[in-house]
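>>> need a structure here:
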Amino acid sequence: MSKLGKYLIFLGKLFTNREKFRVYWPLIMQECIDIGISSLLIVAIVSTFLGAVTCVQTAANMDNPFVPQYIISLIVRDTTILEMGPTITCVVLAGKVGSNIAGQIGTMRITEQIDALEVMGINSRSYLVLPKIIAAILTFPMLVTLACFLAIYGGYLAGWLTGSISPQEYIHGLQFQFKGNYMFFALIKSVVFAFIVVTISSFQGFHTHGGAYEVGKASTSAVTNSCIAILIADYLLAQLLIG
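As a prediction, this is how the structure comes out:
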């Protein structure tokens, strides 16, 4: 509970005595590159193969002749948009982005760069963390949207190449009883997960003390805690938005 209290105090200090927005703008653009563009490759690979595997495994278990083929792509569509797209993508980003943020801020802490910022009268929490939060909130939904598209397209290619489902049936299943608000749910999840990953990772890095070994431990804790928090938030959001 004491750690939760410190985390909430840390969040509160992010928005007090902050700098003017023009100070943050170049930092936000740089963080968008570091968080978003540098994560494109891993997100593309993971999402494409997840969609392909989902399609092939669903087709292998849908051998009943009374079940139409388009149900395969319908299952791929809904599981991708509601669960795999936002949740798995953000878990992957927690491993890549979260460990990087914790290591970066943790190194700044043990080399006394954060102390130097505070001596100059700068709110180090706001200056270092707030641009990362804004950049993550901007880029995570874009990455999740890309992941959903590539997962569905990966399922299309896998179904076509393996002969599990024809392209016409796959497209029909994608269009069948499609609910547009599902994509809205996915984007809400991505924004919440972005905030969780960045704030938890920054908190772990900011409270690092010691040397290089402690920085490594902070990075590991950041990834572990972010993944657990994402799964808990995923359940709560599913209850609120869909349940």
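>>> which SS class is the most centrally placed residue in the chain?
By Cα atoms, centre = their mean, the chain has its centre lying nearest to Cys90, at 2.2 Å. Three-state call for Cys90 (DSSP: H, G, I helix; E, B strand; the rest coil): helix.
>>> ok, now which ones touch the nearest residue to Ala238 once chain neighbours are set aside?
Nearest-residue entry for Ala238: Leu82, 7.9 Å, with adjacent residues in sequence omitted and distances by Cβ to Cβ, 6 or more residues apart in numbering. Quick note: C-beta positions are derived from backbone N, CA and C, even for glycine. Leu82 makes contact with Tyr182, Phe185, Ala186, Ala238, Ile242, according to Cβ atoms under 8 Å, 6 or more residues apart in numbering.
>>> ok, residues contacting stretch 171-191?
Residues outside stretch 171-191 that contact it (Cβ under 8 Å, 6+ apart) are 69-74, 76-78, 81-82, 85-87, 89-90, 137, 140-141, 143-145, 148, 152, 156, 165, 233-234, 237, 241-242.
>>> try it again with 6 Å
70, 73-74, 77, 81-82, 85-86, 137, 140-141, 144, 237, 241 (Cβ atoms under 6 Å, 6 or more residues apart in numbering).
>>> now stretch 134-152
Contacts with stretch 134-152, where a contact means Cβ under 6 Å, 6+ apart, come from 28, 31-32, 35-36, 43-44, 47-48, 50-51, 80-81, 85-86, 89, 186-187, 190-191, 194, 198.
>>> let's go with 7 Å and repeat that
28, 31-32, 35-36, 39, 43-44, 47-48, 50-51, 76-77, 80-81, 84-86, 89-90, 93, 174, 186-187, 190-191, 193-195, 197-198 (Cβ atoms under 7 Å, 6 or more residues apart in numbering).
>>> same deal with stretch 193-212?
By Cβ under 7 Å, 6+ apart, stretch 193-212 touches 7, 10-11, 86, 90, 93-94, 97-98, 101-106, 109-110, 125, 129, 132-133, 136-137, 140, 214-215, 218, 221-222, 225-226, 229-230, 233.
>>> Give me the buried subset of the residues you listed.
Buried residues within the contacts of stretch 193-212, counting neighbours by 16 or more other Cβ atoms under 10 Å: 7, 10-11, 86, 90, 93-94, 97-98, 101-106, 109-110, 125, 129, 132-133, 136-137, 140, 215, 218, 221-222, 225-226, 229-230, 233.
>>> Mark which of these are part of helices, please.
Counting by DSSP state H, the part of these found in helices is 7, 10-11, 90, 93, 101-106, 109-110, 125, 129, 132-133, 136-137, 140, 215, 218, 221-222, 225-226, 229-230, 233.
>>> Work out the gap between the helix or strand containing Thr58 and the centre of the chain.
When elements are assigned from DSSP states H and E, Thr58 belongs to helix 40-60. Remark: helix 40-60 is offset 17 Å from the chain centroid, using Cα atoms, centre = their mean, to the nearest Å.
>>> List the buried residues in that helix.
Residues of helix 40-60 classed as buried: 43-44, 46-48, 50-52, 54-56, 58-59 (neighbour count, 16+ other Cβ under 10 Å).
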